[in-house]
Structures are given as C-alpha cells and as structure tokens.
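Peer 1: Whatever this is, show me its structure:
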Amino acid sequence: MNRSDTTIGEPGQLFGTGREGFTTRPVIAGRKGVVTAGHYLAATAGMSLLQAGGNAIDAGVAMGLCLALLEPHLNGLGGESPILIHHARSGRTVAISGQGTAPAAATIDLFRERGISLIPGDGLLAATVPSQIDNWITALAEFGTLSLAEVAAPALSLAEEGFPMYHGLRRCIESNQQRFQEEWPLSAALYLPEGRVPEWGDRWTNASWARTLGSLVQAERDAAGRGRAAGLEAARRHFYQGPPAEEIAAFCRDHRFRDATGEENGGLLAYADLAGFRARVEAPVSLEYRGLEVYKCGPWSQGPVFLQQLVLLEGYDLAALGHNTPDYIHTAAECAKLAFADREFYYSDPDFAVVPLERLLSKEYAAERRGLVDPRRASLELRPGDVAPRPLRLILGDERSYNGDTTHLDVVDAEGNMIAATPSGGWIQSSPVTPLGFPLGTRAQMFSLDPEHPNALQPGKRPRTTLTPSLVLREGQPWMVFGTPGGDQQDQWTLQFFLNVVDFGMSVQEALDAPTFHSQHFPSSFYPRAQYPGRLVLEGRIPEAVREELRRRGHDVEVTGDWSNGRVLAIRTDPRRGLIFGGASPRLETGYAIGW
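Peer 2: As a prediction, this is how the structure comes out:
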C-alpha cells in the first residue's frame with residue numbers, strides 16, 4: 001500500500017523515531033525550547049534569549065542579527081532573510097516577505113543601453129533594497145515580546161568585543177585578499193587587519209557594524225516613551241529614512257567598482273528606494289503530504305518547488321524503493337527536474353506576474369507530469385509544463401556554478417511558537433564593504449533581462465530568490481522547522497532530509513547525517529546562469545555500485561566530498577511526550593543545535 005493512503009501515527013511511533021547507533025552529533029532534546037543556527041555563537045545567543053523569558057521569535061531575531069555579523073561571507077545586513085512563523089497564541093502561520101526590491105532606476109532598457117545581457121553577480125549594479133533589518137523588526141513587532149535593544153545585545157557584544165576567526169570565514173578572506181587590497185579599500189581595512197589574513201582563532205571585531213546597529217537601538221530608546229511598537233518603528237525608520245539610508249544612497253551614487261561585465265559601475269539604489277520599502281506579512285503556500293501540512297514562502301522564492309516535488313513523489317512508495325538506492329535517487333532526481341523546470345519558466349513576484357500555483361500544485365497536474373518519468377532512463381531535456389504563457393528562450397551564460405553563501409536558523413519554544421529563517425546576501429566576496437560595516441546585496445542577478453520572462457527585471461519588483469525556509473504542522477499543531485544554505489540545491493537537500501524523517505523513519509540527526517544528492521540539470525539562479533543537462537551530484541558516501549547504475553541510466557554523475565552538500569538544520573516536536581528535538585548537520589563547520 002502507498003504510504004499516502006495510510007494514517008500517520010503519533011510522532012515517535014510511526015516515523016522519525018530513528019535507531020540506536022552512531023550519529024555525528026546527538027539528537028538534542030528539550031522541553032522548554034530548542035534553537036539551531038549556522039554558527040554556534042548565534043545559537044548560544046538565541047538560547048540566552050529564551051532563558052531570559054523571550055519567545056521563539058525574539059530568539060530567532062537575536063540569532064539572525066548575530067549571523068549577519070558572524071557569517072559575513074554567507075549573509076549580512078545588506079542582504080535578505082525570508083521567514084516563516086507559526087504563532088501559537090493567535091494560531092497564525094505566516095511568511096515575512098524577506099526579499100528586497102529592485103531600485104526605481106533598474107530597467108531592462110538601462111542594461112541594454114550598457115550592452116549587458118546578464119546582470120552581474122558582483123559589484124553594485126545588482127543591489128536590491130536591503131531587507132534584513134525590516135524583516136527582523138517586522139517579525140519582532142508582530143510576534144515577539146522583547147525590545148530591539150534586548151534582542152540586539154548579543155550581536156552588539158560580539159561586534160564590539162570580538163569573536164574567534166574560523167576556517168570558513170578565513171578561507172573566504174584569503175581567496176579574496178587580492179581584490180580587497182586592489183579594488184575594495186574598506187573591505188581590506190576591515191578584513192585584512194595590518195594587511196594580512198587573520199589566523200584561525202584570532203579575535204575579530206567590526207566597530208562600524210556595531211555603530212550602525214547601535215544607532216537603531218538608540219532610535220528605539222529615543223522613542224521609548226511612546227511604547228514598544230513605536231520604538232521598533234522608530235528603529236526601522238532610522239535605517240530606511242535616516243543616516244544609514246543616506247549613506248547607502250551616497251555610496252551607490254559616488255563610487256564605481258569593476259564587476260563581471262569588465263567595466264566599472266556604480267549602484268542604482270537611491271534614497272527613495274529605501275525610504276519607500278516595507279516588509280510584508282503574507283500568507284504562505286501550503287500542501288498536505290502524508291497527513292502533514294507543509295508551508296513555504298510564495299513564488300517570489302523557489303519555495304513552492306519543494307511542494308511540487310512532494311506532490312510528484314507522493315505517487316511512489318518511497319520506502320519500498322529503498323533509501324538512496326538507484327531507483328530512489330533516479331525517481332527523486334527526475335521529479336526534481338520537472339519541478340525546477342516549472343520554477344524556471346513560471347515563478348516570479350506575484351505582484352508583477354500571474355503564477356499558476358493552483359495548477360502547478362494540483363494532484364491532476366502531478367499525475368500528468370509523473371507520466372514523463374522514465375524509470376530506466378534519465379531525461380536530458382528541460383521540460384516545463386504547459387500551464388501558462390512562457391518565454392520562448394532563456395538567456396544563459398557560461399559554465400560556472402554557485403558555491404554557497406547562505407545560512408539558516410530555527411527556534412521552537414515550549415508555547416509552540418516556531419520560526420524558520422534563511423538569511424543570505426550582502427556577501428563580503430561579492431560587493432565592497434560600505435562605511436556602515438557591511439556590503440550591499442547582489443540579488444538582482446537573479447532577474448532575467450528578457451521582457452517576456454515572468455521574472456523579468458522591473459522597478460520595485462522582488463527577484464525570484466532561492467531562499468526557502470520550511471515549516472510543518474500536524475493537525476494545526478507545531479511539528480517541524482528546517483532549512484539550509486545552498487542556492488538552487490536548498491529545496492533538494494531539505495526535501496531529502498524531510499523524506500528521511502517522514503518516509504524512512506529516521507531521527508532528526510540520522511536524517512541530517514545521511515548522504516545527499518542533487519541535480520544541476522536546470523539553469524542556475526545565479527550569474528552567469530549555467531546549466532548542466534543530466535548532471536547529478538552525489539556525495540562520496542553513496543556507494544560506487546549505485547553511481548554506476550545511475551550512469552547506466554544516463555545520468556551525468558559527478559561525485560563530490562563525503563560531507564560537502566549543504567548544512568541542513570532542523571527542529572521537530574513530539575507533543576505526546578512534551579519534547580522538542582533538534583539537530584545540526586556536521587557540514588560547514590559551525591552549525592549547532594542547543595536544547596533546554
């Protein structure tokens with residue numbers, strides 16, 4: 001019998017129980033709360049907020065601010081942070097639209113006049129409005145309980161007093177040392193103290209960053225007499241309508257830097273773009289799978305592609321196929337190709353384009369698409385469905401791939417509040433540091449310059465981001481939150497984690513430790529939009545016999561390191577026993593889970 005026809009029992013009875021045996025890290029169990037974050041110091045900050053009486057949203061915002069400092073090669077205050085929240089008291093499950101918009105000056109004609117066919121992935125031209133500050137303040141104002149001063153305190157302490165340099169950040173600085181020194185003087189001054197790459201364990205501070213965040217806290221304090229909401233709004237306005245906005249606009253106006261076009265370009269962001277920006281609380285997109293309600297951000301992200309894969313895969317008995325067998329990997333990869341082809345041709349900011357989500361997520365459409373999966377042969381074609389008008393061609397570049405640059409956080413508290421956020425953008429390797437202590441983002445590289453494409457560049461539009469946190473309820477009650485860095489791969493690695501728990505009965509940590517795979521068959525979302533038809537990337541722990549069978553079926557198999565794909569973090573609840581379980585992938589050095 002297909003598992004979709006069965007009734008799922010209580011968590012801990014039918015699935016997600018795991019087995020006794022070795023895992024790289026323990027499954028973290030708590031009763032009052034569990035946090036996960038891309039850096040252990042951020043996780044510590046989140047736990048300290050919970051223990052001080054804050055809720056999951058307070059803790060999540062505190063961790064997000066810390067991650068913007070601790071992992072500047074993966075995210076920053078100049079970037080973005082899509083968020084999913086379940087608020088226990090109100091019963092609301094929402095998405096915070098965490099993607100900044102294109103500047104008013106950013107038009108297809110402007111790029112055509114400059115002879116640019118693909119928006120570069122570095123420099124200032126690709127900057128959208130920095131949304132992180134507004135996203136965190138919106139989450140805090142709507143669903144938190146503490147002040148900005150309270151949740152920002154750990155990040156300010158780390159910025160002023162310093163934290164130990166670690167391998168991932170050091171490698172990024174080392175690989176960009178020449179560009180910092182020759183082209184980006186503020187980046188060199190900040191990341192190359194005394195003209196050298198910091199050593200592992202060196203104490204690293206960022207006084208400019210601390211001054212910027214501290215100015216928001218001061219704006220909140222100045223408005224404290226008008227109440228908590230007024231204080232948070234004053235901090236938000238200070239960033240988007242005060243000196244930081246003026247500084248960002250001046251930096252874009254007055255500076256020009258060489259980018260991937262080979263030319264020196266300034267930025268298009270202006271003061272009015274920041275002053276008019278506002279993060280929004282939106283309804284997420286959801287789908288039921290095996291009795292679980294799975295929530296994702298809307299098609300301004302790639303989130304619905306996770307759901308498209310689920311509705312395709314529910315037609316298979318995955319447990320019977322066997323975990324990471326040739327049949328399972330082939331089936332999952334072929335379904336991913338179909339879902340991501342639809343992402344490429346139909347997803348966009350729904351304020352600017354009609355995205356046929358109802359059809360794309362329907363069981364009838366999935367049944368039609370499932371018929372395209374040949375169980376014995378890999379497809380080498382990009383096959384979007386025929387569900388709406390679509391562009392006649394895709395503008396792609398040469399063969400280069402995206403290699404990381406995102407982080408993640410989760411929190412679940414005893415009351416049942418949940419938050420999952422995937423901060424990214426504003427990377428120190430992609431754009432020069434501003435006087436505020438952080439770079440601007442380059443997310444506009446994801447826009448198409450083909451006016452027929454639904455994701456075509458338009459002023460005020462959100463580029464279709466790859467950032468995609470996940471939140472799951474069971475019968476309306478909290479069940480799981482999770483996410484990972486990894487660009488286009490995020491909704492492949494997190495899907496495998498989710499299926500490891502739901503269909504293969506693994507514990508959270510077993511599911512995180514399991515070897516992963518991903519397809520690069522479809523166009524990359526990142527400059528220069530490379531595509532590798534049939535490419536299937538496997539972690540080295542997947543056996544050679546499995547790889548050979550996949551090659552025989554026509555996959556272009558590439559083997560990567562044993563522990564190289566992503567860094568999924570996750571928290572799951574067990575309401576029957578009053579427990580909260582958390583785990584962190586051992587990949588990428590610094591991710592951690594803490595329980596209380």
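
Peer 1: and residue 376, how many neighbours?
Peer 2: 9 (other Cβ atoms under 10 Å). (Glycine included, C-beta is placed from N, CA and C.)

Peer 1: Check whether it sits in a helix, strand or coil.
Peer 2: With DSSP: H, G, I helix; E, B strand; the rest coil as the basis, residue 376 sits in coil.

Peer 1: Now it: closest residue in space that isn't a chain neighbour?
Peer 2: Distances taken as Cβ to Cβ, 6 or more residues apart in numbering place residue 553 nearest to residue 376, at 6.1 Å, with adjacent residues excluded.

Peer 1: Retrieve the pLDDT associated with that neighbour.
Peer 2: With respect to pLDDT, residue 553 scores 98.

Peer 1: just checking, residue 472 is part of a strand?
Peer 2: Yes: counting by three-state DSSP, residue 472 is located in a strand.

Peer 1: need the next SSE after the strand or helix carrying residue 337, C-terminal direction.
Peer 2: Using DSSP states H and E, residue 337 maps to helix 326-346. Following helix 326-346 in sequence order, the next helix or strand is helix 357-360 (DSSP H and E).

Peer 1: So which other helices or strands are in contact with that following helix?
Peer 2: Contacts defined by 3 or more Cβ pairs under 8 Å, 6 or more residues apart in numbering; DSSP states H and E place helix 357-360 against helix 304-313.

Peer 1: let's see 10 Å
Peer 2: The contact analysis (3 or more Cβ pairs under 10 Å, 6 or more residues apart in numbering; DSSP states H and E) places helix 357-360 against helix 304-313, helix 326-346, helix 363-370.

Peer 1: right, so of those, which gets closest to residue 508?
Peer 2: helix 304-313 (17.9 Å; Cβ to Cβ).

Peer 1: quick one: average pLDDT of the closest one?
Peer 2: 98.

Peer 1: Can you check what angle separates that helix from helix 326-346?
Peer 2: 140 degrees (axes from the mean of the first three to the mean of the last three Cα atoms, to 10 degrees).

Peer 1: State the distance from the closest residue to residue 432 other than its chain neighbours to residue 199.
Peer 2: Sequence neighbours aside, residue 184 is the residue nearest to residue 432 in space, at 3.8 Å (criterion: Cβ to Cβ, 6+ apart). Applying Cβ to Cβ, to the nearest Å, the value for residue 184 to residue 199 is 21 Å.

Peer 1: same question, residue 166
Peer 2: 11 Å.

Peer 1: re earlier: what about the residue nearest to residue 376, distance to residue 334?
Peer 2: 10 Å.

Peer 1: any residues in contact with both of those two?
Peer 2: By the contact definition Cβ atoms under 10 Å, 6 or more residues apart in numbering, residue 553 and residue 334 are jointly contacted by 374, 375, 377, 378, 536.

Peer 1: Just give the number of residues close to the spatially closest residue to the third one that is not a sequence neighbour.
Peer 2: By that I understand residue 377. Excluding the flanking residues, the one nearest residue 377 by Cβ to Cβ, 6+ apart is residue 554, at 5.4 Å. Neighbourhood size, residue 554 [other Cβ under 10 Å]: 16.

Peer 1: how much space between residue 554 and residue 326?
Peer 2: In terms of Cβ to Cβ, residue 554 sits 12 Å off from residue 326.

Peer 1: Quick check: residue 595 touching residue 46?
Peer 2: No: judged on Cβ atoms under 10 Å, residue 595 makes no contact with residue 46 at a distance of 11.4 Å.

Peer 1: Report the set of residues contacting both of the two.
Peer 2: Residues touching both residue 595 and residue 46 (Cβ under 10 Å, 6+ apart) are 33, 34, 35, 36.

Peer 1: Now render these as a markdown table, adding pLDDT, neighbour count and secondary structure.
Peer 2: Output for these, formatted as a markdown table (pLDDT from 0 to 100; neighbours: other Cβ atoms under 10 Å; DSSP: H, G, I helix; E, B strand; the rest coil):
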| residue | pLDDT | neighbour count | secondary structure |
| --- | --- | --- | --- |
| 33 | 98 | 26 | strand |
| 34 | 98 | 33 | strand |
| 35 | 98 | 35 | strand |
| 36 | 98 | 32 | strand |
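
Peer 1: ok, back up a step: of the shared contacts of residue 553 and residue 334, just say which sits nearest to residue 437.
Peer 2: Among those, residue 536 lies closest to residue 437 (Cβ to Cβ), at 41.0 Å.

Peer 1: Quick check: phi and psi at the closest residue to that closest one other than its chain neighbours.
Peer 2: In this structure, residue 536 finds its nearest non-sequential neighbour in residue 555, 4.2 Å apart by Cβ to Cβ, 6+ apart. Dihedral angles of residue 555 (phi, psi; degrees, to the nearest 10) stand at phi -80, psi 140.

Peer 1: I figured residue 555 was touching residue 519, is that so?
Peer 2: Yes: Residue 555 is within contact range of residue 519, at 8.7 Å (criterion: Cβ under 10 Å).

Peer 1: the more surrounded of those two?
Peer 2: residue 555 (27 against 24).

Peer 1: How about the secondary structure of the residue nearest to residue 377?
Peer 2: coil.

Peer 1: Residue 160: helix or strand, and which one exactly?
Peer 2: Assigned by DSSP H and E, residue 160 belongs to helix 148-161.

Peer 1: Now that helix: buried residues?
Peer 2: Buried residues in helix 148-161, counted by 16 or more other Cβ atoms under 10 Å: 148, 149, 150, 151, 152, 153, 154, 155, 156, 158, 159.

Peer 1: Kindly report the same for stretch 520-533.
Peer 2: Result for stretch 520-533 [16+ other Cβ under 10 Å]: buried residues 520-532.

Peer 1: measure the residue sitting furthest away from the middle of the chain to residue 234 for me?
Peer 2: Residue farthest from the centre of the chain, counting by Cα atoms, centre = their mean, is residue 225 at 36.5 Å. Using Cβ to Cβ, residue 225 is found at 11 Å from residue 234.

Peer 1: Low-confidence regions, the stretch 301-450 of the chain specifically.
Peer 2: 392, 398-404 (pLDDT under 70).

Peer 1: try 80 this time
Peer 2: Scanning the stretch 301-450 of the chain with the threshold set as pLDDT under 80 gives 388-405.

Peer 1: Residue 184 and residue 199: who's more crowded?
Peer 2: Counted by other Cβ under 10 Å, residue 184 and residue 199 do not tie: residue 184 has more neighbours, with 22 against 8.

Peer 1: these two touch, right, that one and residue 439?
Peer 2: Yes: with contact defined as Cβ under 10 Å, residue 184 counts as touching residue 439 (8.7 Å).

Peer 1: shared neighbours of those two, anything?
Peer 2: Common neighbours of residue 184 and residue 439, using Cβ under 10 Å, 6+ apart, are 428, 431, 432, 433.

Peer 1: does the third one really touch residue 440, like I thought?
Peer 2: Yes: between residue 432 and residue 440 a contact is recorded at 8.5 Å, counting by Cβ under 10 Å.

Peer 1: what touches both of the two?
Peer 2: Joint contacts of residue 432 and residue 440 (Cβ under 10 Å, 6+ apart) are 123, 124, 251.

Peer 1: any idea how far residue 349 is from the second one?
Peer 2: Computed with Cβ to Cβ, the distance linking residue 124 and residue 349 is 22 Å.

Peer 1: again, but for the last one
Peer 2: As judged by Cβ to Cβ, residue 251 and residue 349 stand 26 Å apart.

Peer 1: for residue 139, same thing?
Peer 2: From residue 139 to residue 349 the distance is 21 Å (Cβ to Cβ).

Peer 1: And residue 331, by the same measure?
Peer 2: As judged by Cβ to Cβ, residue 331 and residue 349 stand 32 Å apart.
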